[in-house]
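>>> let me see the structure of the following:
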Amino acid sequence: MDLHYRVTIFGSARLKKGDEEYNNVYLIAKGLAESGFDVVTGGGPGLMLAANEGHKSVDSDAHSFGLNITLAHEQEANKYLDIKKEFDRFSGRLDAFMSLSDAVVVATGGIGTLLELFYSWQLIQVKHTCDIPIILYGDMWAGLVQWLRDEVLARKLFDSADMNNIFHLTSVEKVLSLIRKAQEDRSQIEHACINYNKYRVELEDEE
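Next up is the predicted model:
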C-alpha cells in the first residue's frame, strides 16, 4: 500500500459538530485513515476540523496535514494535526494543496471552497498537475454540475473531456470506494496520471 497517498478535503469553516455535513466528512476522513491514506485540510475549524478529527480517530500510520491561513478574523489551527504549515497568502497555500494532492474531496462550502475547487480544476485542465479525481461531495453541488453542463459546456467554453475528473457523489461509501480504486490503479502503473473516466461508468452502473 502507498502510505503517501494523500487526499485533500476542502470545506466550510462555518459548519459545526452536529451538522450532517460535519459528521459525514468525519466519516470520510476516518475511512481514509483506515485505508492508510493521509488527509490534507486547511487546518482550521468547521469541516477542516471534522476531517482532521475523523482521521485521527483511527490508530494509523497515515498523517493528518493542516495548511493553515493567517487571517484577521480566523483561523487558529485545530489540534488534530501531525504536520502543520502556516501561510499568509492564499496563492501559495493553493499551490501547496495541489502539490500534495492525489485526490480532492470538495465538501459543502462557500467562497473559499469554490476558489479551491476551481483552482484545482484549472491546474488539471492546463496540465500543471496530474489528472486527479475531484469529488464534489453532497447535495449542494448538483445545481452547479448541471449549470456547468447546460450553460458552460453547451456553449463550448470548455471541452467535454474537462469534466472527466469531476465526480458528484452523495454517499460516504461511494467517495471512499472511488478513492480506493484510484489509489489501487495508480499503484500498479508507472505514470501517476491516469484516466478517471472509467470510474464514472462504474459509479453510474451502481445507481
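
>>> now the strands for the chain?
Using DSSP state E, the strands of the chain run over 6-10, 38-41, 64-69, 83-87, 103-106, 134-137, 166-169.

>>> turn those into a markdown table, columns for mean neighbour count and distance to residue 125.
Quick note: C-beta positions are derived from backbone N, CA and C, even for glycine. Formatted as a markdown table, the strands of the chain follow (neighbours: other C-beta atoms under 10 Å; distance: least, C-beta to C-beta, whole Å):
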| stretch | mean neighbour count | distance to residue 125 |
| --- | --- | --- |
| strand 6-10 | 26 | 17 |
| strand 38-41 | 27 | 21 |
| strand 64-69 | 23 | 22 |
| strand 83-87 | 14 | 24 |
| strand 103-106 | 26 | 14 |
| strand 134-137 | 24 | 11 |
| strand 166-169 | 20 | 11 |
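
>>> what about this structure, any weak spots by pLDDT?
Residues of the chain that meet the criterion pLDDT under 70 lie in 1-3, 72-75, 189-207.

>>> could you rerun that using 80?
1-4, 71-75, 186-207 (pLDDT under 80).

>>> circling back: as JSON lines, the strands of the chain with distance to residue 56 would be great.
Below are the strands of the chain laid out as JSON lines (distance: least, C-beta to C-beta, whole Å):
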{"stretch": "strand 6-10", "distance to residue 56": "13"}
{"stretch": "strand 38-41", "distance to residue 56": "9"}
{"stretch": "strand 64-69", "distance to residue 56": "5"}
{"stretch": "strand 83-87", "distance to residue 56": "12"}
{"stretch": "strand 103-106", "distance to residue 56": "17"}
{"stretch": "strand 134-137", "distance to residue 56": "20"}
{"stretch": "strand 166-169", "distance to residue 56": "24"}
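
>>> distance check, the residue of the chain positioned farthest from its centre against residue 149.
Each residue of the chain has a distance to the centre, and by C-alpha atoms, centre = their mean the biggest one is for residue 155: 27.7 Å. When distance is defined by C-beta to C-beta, to the nearest Å, residue 155 is 11 Å away from residue 149.

>>> cool, residue 64 as well?
35 Å.

>>> okay, helices next: where are they in this protein?
Assigned by DSSP state H, the helices in the chain fall at 20-34, 47-56, 90-100, 111-125, 142-147, 172-186, 197-206.

>>> closest to residue 135 out of the ones you listed?
Residue 135 sits nearest to helix 172-186 of all the helices of the chain, at 5.7 Å, using C-beta to C-beta.
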